[in-house]
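Visitor: fold the following for me, if possible:
(2 chains)
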Amino acid sequence: QKEVEQNSGPLSVPEGAIASLNCTYSDRGSQSFFWYRQYSGKSPELIMSIYSNGDKEDGRFTAQLNKASQYVSLLIRDSQPSDSATYLCAVRNSGNTPLVFGKGTRLSVIA
Amino acid sequence: GAVVSQHPSRVICKSGTSVKIECRSLDFQATTMFWYRQFPKQSLMLMATSNEGSKATYEQGVEKDKFLINHASLTLSTLTVTSAHPEDSSFYICSARVGRGQYEQYFGPGTRLTVT
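Guide: A predicted model of the protein is given here:
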């Protein structure tokens, strides 16, 4: 059973702080890793993808991948109240297999 | 990112009727689309994988005769909920694959189905 684990939260951070979201996965053969943001009542929105070990930065977002530890994280710098949402970690083994989603971490940014 | 649309965004139907939901890739061709269902405060559940020109692959526990999927073209997939019941009320979301190899997956805005 391929599993993706996330702390359900809520994770509360003050406005302007760094929010750190973590995800672990069980399938060592996983190749592709994604972070989605989902606002309440809305569908998921892709915010980051990462495929190789290390860091990938895009604006205020940084994804970090460590395949040896089977760990992927998302850092959000200068957190804003508009970042308050559920963040879903998703992992894929090979190109033709479906994404496996974690249950999501609810982030609350307090103004 | 790529744009995926869904129609309708909300639908209310009576128990026993059928409802069709359309999913379109607007600015790209999608050989593979995915259909998900999400109940309130729960995680996404993959229902089926839809490939253009072939039969959909359903996940375990999903009734293929109840949830009919047709991927008739490279830009359109449809999900028909047949003989809907109140327990089918949920948020249905389609998703499309973009690219080859290390592809990305984008979601439509979702369809909220309420069966009365």
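
Visitor: can you pull the residues of chain A lying near chain B?
Guide: Residues of chain A found near chain B (Cβ under 8 Å from any Cβ of the partner chain) are A:31-32, A:34, A:36, A:42-46, A:49, A:51, A:88, A:90, A:95, A:98-99, A:101-104. Glycine gets a C-beta too; all of them are placed from N, C-alpha and C.

Visitor: so which of those residues sit within strands?
Guide: Among the residues of chain A next to chain B, DSSP state E puts A:32, A:34, A:36, A:45, A:46, A:49, A:88, A:90, A:101 in strands.

Visitor: show the pLDDT at the third one.
Guide: Here, the pLDDT recorded for residue A:36 equals 98.

Visitor: that one against residue A:49, yeah?
Guide: No: counting by Cβ atoms under 8 Å, residue A:36 stays clear of residue A:49, with 9.9 Å between them.

Visitor: look at the two and report which has more neighbours.
Guide: Shown here are residue A:36 and residue A:49; by other Cβ atoms under 10 Å in any protein chain shown, residue A:36 has more neighbours (25 against 19).

Visitor: who touches the more buried one in this structure?
Guide: A:44, A:45, A:46, A:47, A:87, A:88, A:90, B:107 (Cβ atoms under 8 Å, 6 or more residues apart in numbering or on different chains).

Visitor: same check on residue A:72?
Guide: So residue A:72 contacts A:22-25, A:33, A:35, A:50, A:63-66, A:89, A:91 (Cβ under 8 Å, 6+ apart).
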